[in-house]
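**Student:** When you get a sec, could you give me coordinates for this:
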Amino acid sequence: MSWFKEAAGGPAPPTFKEAPEKLTEDDPYIPGRKVSNKAANRPFLAYHEYRQKQEALHQEWLKKKKERDEKIARGEKVGPLERDPTAVEEVGLLGLLKFFFVVSVVAALAGKFITGSYTWDYEARWLELKRWMPQDNGRLFSPEYLATFNGENPDKPIYIAIDGEVYDVTKGASYQKGGSYHILAGKEGARAFGTGCFMEHMTHDKRGLDKEERDSIEHWKKFYLEHKNYRKVGRVALPPIDTKTDPPLHCDPKKRAAELEARKAKAARAEANAPKPTPTPDADGHQEL
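**Tutor:** Just a heads-up that it's a prediction; the model follows:
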């Protein structure tokens, strides 16, 4: 149990003393004391040596300054006073700007290396360059000209139109030839964006749409306007809707059947309310039925 006795307050361990032949350096803080050049002491020794060099440079500068002041007192011409090489240089505004610029560049490059995005996958509208660029929103397309931007020509961008507004969707792979949304390329399809009938409703005719379907159109317009990869490029001049014709039937069988029934009922009411022809008498005074 001798170990317990020592741990509980036994005899003190012997004081560590380095070999005299290893004490080769002057202690920078205690005059007349020698220390060794071991790794733990080297930072303090190096700093002391640095301070000594700085002090020597400062004293040399003070000597030059004194000589210059004496020449000025004698009326002699002197050049500009050299800057004190030991003076602490203020960072200043320019230094701060340089610091933040370097930090921003390093952070952006690190984000690109780690996440593949200069902004670390952070998305905000103010970070998108296109938000600060003037938009060509006044460009006017005809339906025929819009149709040429359908992805068939690799030298042209791909445009789609919703409710008369034209958007550039070239960066979307689904809008390329063979993509799932290629049917929208080069066309106006407001009704399809409201109903989801992309085969039957590629038209700007919004007659008969309910509130939910109209809200869906507004949703998609906002989606394309605010998307980071798409941008609005203009408007399309749409032909007027022929109100004498019926809007396209819905692609959903139940809604299609309901629309057909509504049309039949409307036609029956129109026929019932139609004015009946008035009989006209013939030359003998008889009326034709």
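
**Student:** Spatially nearest residue to V166, not counting backbone neighbours?
**Tutor:** G234 (4.8 Å; CB to CB, 6 or more residues apart in numbering). (C-beta placed from N, C-alpha, C; glycine too.)

**Student:** Tell me if I am right that that neighbour is in a strand.
**Tutor:** Yes. Assessed by DSSP: H, G, I helix; E, B strand; the rest coil, G234 belongs to a strand.

**Student:** what's the distance between it and Y159?
**Tutor:** Look at G234 and Y159: by CB to CB, to the nearest Å, they are 9 Å apart.

**Student:** Among those two, which residue is more densely surrounded?
**Tutor:** Per other CB atoms under 10 Å, whichever of G234 and Y159 has more neighbours is Y159, with 26 against 19.

**Student:** for this structure, what helix or strand is lowest in average pLDDT?
**Tutor:** helix 2-7 (a mean of 56; mean pLDDT, DSSP states H and E).

**Student:** And the next helix or strand past that one?
**Tutor:** strand 23-26 (DSSP states H and E).

**Student:** ok, that next one: who's next to it in the sheet?
**Tutor:** When pairing is defined by DSSP bridges, strand 23-26 lines up against strand 34-36 (antiparallel).

**Student:** can you give me the helices in this structure?
**Tutor:** Taking DSSP state H to define them, one finds helices in the chain at 2-7, 42-73, 92-115, 143-146, 190-195, 211-226, 253-273.

**Student:** Quick check: which of those helices is nearest to K177?
**Tutor:** helix 143-146 (16.6 Å; CB to CB).

**Student:** Return the residues in contact with T148.
**Tutor:** 156, 186 (CB atoms under 8 Å, 6 or more residues apart in numbering).

**Student:** Distance check, it against P157.
**Tutor:** In terms of CB to CB, T148 sits 10 Å off from P157.

**Student:** cool, and L184?
**Tutor:** 14 Å.

**Student:** same question, D205
**Tutor:** 26 Å.

**Student:** Have a look at L184 and P157 and say which one is more surrounded.
**Tutor:** Looking at L184 and P157 with other CB under 10 Å, you find the greater number of neighbours at L184, namely 26 against 12.

**Student:** so that one makes contact with F198?
**Tutor:** Yes. Between L184 and F198 a contact is recorded at 7.0 Å, counting by CB atoms under 8 Å.

**Student:** shared neighbours of these two, which are they?
**Tutor:** Shared contacts of L184 and F198, counting by CB under 8 Å, 6+ apart, come down to A192.

**Student:** So, low pLDDT: which residues of the stretch 151-289 of the chain?
**Tutor:** 276-289 (pLDDT under 70).

**Student:** and the closest residue in space to V91 that isn't next to it in sequence, how many residues sit next to it?
**Tutor:** Spatial nearest neighbour of V91, excluding adjacent residues (CB to CB, 6+ apart): F99 at 7.7 Å. F99 is flanked by 11 other residues according to other CB under 10 Å.

**Student:** any idea how far F99 is from E218?
**Tutor:** From F99 over to E218 (counting by CB to CB), the distance is 46 Å.

**Student:** which of the helices of the chain is buried the deepest?
**Tutor:** helix 190-195 (a mean of 24; mean count of other CB atoms under 10 Å).

**Student:** what does it rub up against?
**Tutor:** 161-164, 184, 197-198, 200-206, 209, 213-214, 216-217, 220, 247-248, 250-251.

**Student:** Ok, stretch 82-102 next?
**Tutor:** By CB under 8 Å, 6+ apart, stretch 82-102 touches 54-55, 57-58, 61, 64.

**Student:** For K34, state which of the residues you listed is nearest.
**Tutor:** Using CB to CB, the contacts of stretch 82-102 come closest to K34 at E55, 21.9 Å.
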